[in-house]
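Asks: With the sequence up front, the predicted model follows.
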Amino acid sequence: MRGVVVESALAPGINALKTFDPPLHAIEGAAVTGVRRIGKHIVVDLAGDLALLVHLMSAGRLQLFDKRASLRDRTSRLLVRLADGNELRLREFGTRQRAWVKVLRAQDVAADDALATLGPEAWPDPPPLRELLAAQGARPLHGVLRDQHVIAGIGRSWVDEILWTAMLSPFKRADDLSDDEADVLRDACIERLDGAIEHYERVVALPIPDKLPMPLEIHRRQGEACPRCGATIEAVHYEDYVMCYCPHDQTGGRVLKDRRLSRLLK
């Protein structure tokens, strides 16, 4: 995409566009100078000191297609039509429609509210975790590692994978890690996120599919055998996500209370 000029830009999902100054049409005629990531956000840098800041949330996709979308495509939130005939689309699946995009001046990107309070990056070189996590007190590891203000760039799926790789309970207190456990957890972050990037670079080609072939070993595999020890993978269900873990390797054989079942029994 680098060097390709934006021919036109449309926002069929008008609620996805969170800024009005500069207007969306300000990017028309500007060349793409780069694409980068900050935490879980994507930044498309453009000539003329402009940038698109995108957050996919849980159901969004930023995909490059070699043909133009129909305006009747109900999944499209943003269409950036490029002079080489390709089209960059922000699409979202499901009904919640939480993905968003902002048009910003380049000098304002780092200070944007969505980025200014992010923690250090989890990849490719996460910071030492012992003191960072200890400052979070009694909060469980699963919640802390998903907290972008603590450490940026880890989504729910990868928290499950990282904690399983580190053989740590998702409910272990953040301030209860030994130095060795903190080192193992940091190594697990690098291993799993490195592995994900390598996997995507090897198997994903244009057009990028709606569902990425994620190399997950434990997330959303409740009831299956743990690939490391053979124990049954268990899960705790929350309102909008599920947390998976191996009781044998992570919780000392204990099966954690499923919040979904607990509500039914009340």
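Replies: Nice, I can see it.

Asks: show me what contacts residue 179?
Replies: Shown in contact with residue 179 (CB atoms under 8 Å, 6 or more residues apart in numbering): residue 130. In short, each C-beta sits where N, CA and C put it, glycine included.

Asks: now residue 232
Replies: 223, 224, 225, 226, 247.

Asks: Likewise for residue 182?
Replies: Contact analysis of residue 182 by CB under 8 Å, 6+ apart lists 128, 129, 130, 133.

Asks: Repeat the analysis, applying 7 Å as the threshold.
Replies: If a contact means CB atoms under 7 Å, 6 or more residues apart in numbering, then residue 182 has 129, 130, 133 as its contacts.

Asks: what's the pLDDT at the last one?
Replies: I take that to be residue 133. As predicted, residue 133 sits at a pLDDT of 96.

Asks: number of nearby residues for it?
Replies: 24 (other CB atoms under 10 Å).

Asks: and the residue nearest to residue 85 when sequence neighbours are not counted, backbone torsions?
Replies: Take residue 85 and drop its neighbours on the chain: the residue closest to it by CB to CB, 6 or more residues apart in numbering is residue 66, 6.7 Å away. Residue 66 adopts backbone torsions of phi -90, psi 10, taken as degrees, to the nearest 10.

Asks: give me every residue that touches residue 66.
Replies: Residue 66 touches 85, 86, 206, 207, counting by CB under 7 Å, 6+ apart.

Asks: thinking again about what came up before, make a PyMOL selection of whichever of the contacts of residue 232 turn out to be buried.
Replies: To isolate the buried ones among those in PyMOL, judged by 16 or more other CB atoms under 10 Å, type:
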select buried, resi 226+247
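
Asks: Between the contacts of residue 232, which sits nearest residue 239?
Replies: residue 223 (20.9 Å; CB to CB).

Asks: re earlier: now rank the contacts of residue 66 by neighbours and give me the top one.
Replies: residue 86 (19 neighbours).

Asks: Wait, that residue touches residue 63, no?
Replies: No: here residue 86 does not reach residue 63: they are 10.3 Å apart, not a contact under CB atoms under 7 Å.

Asks: Please point out which parts of stretch 25-37 sit buried.
Replies: With burial defined by 16+ other CB under 10 Å, the residues of stretch 25-37 counted as buried are 26, 27, 30, 31, 32, 33, 35.

Asks: Give the helix, strand or coil label for the fifth one.
Replies: This means residue 32. Following DSSP: H, G, I helix; E, B strand; the rest coil, we place residue 32 in the strand state.

Asks: pLDDT score for it?
Replies: The predicted local confidence for residue 32 is 97.

Asks: Quick check: phi and psi on the closest residue to residue 38 other than its chain neighbours?
Replies: Spatial nearest neighbour of residue 38, excluding adjacent residues (CB to CB, 6+ apart): residue 115 at 5.6 Å. When read as degrees, to the nearest 10, the backbone of residue 115 gives phi -110, psi -30.

Asks: could you measure residue 115 against residue 90, distance?
Replies: Per CB to CB, to the nearest Å, residue 115 is found 18 Å from residue 90.
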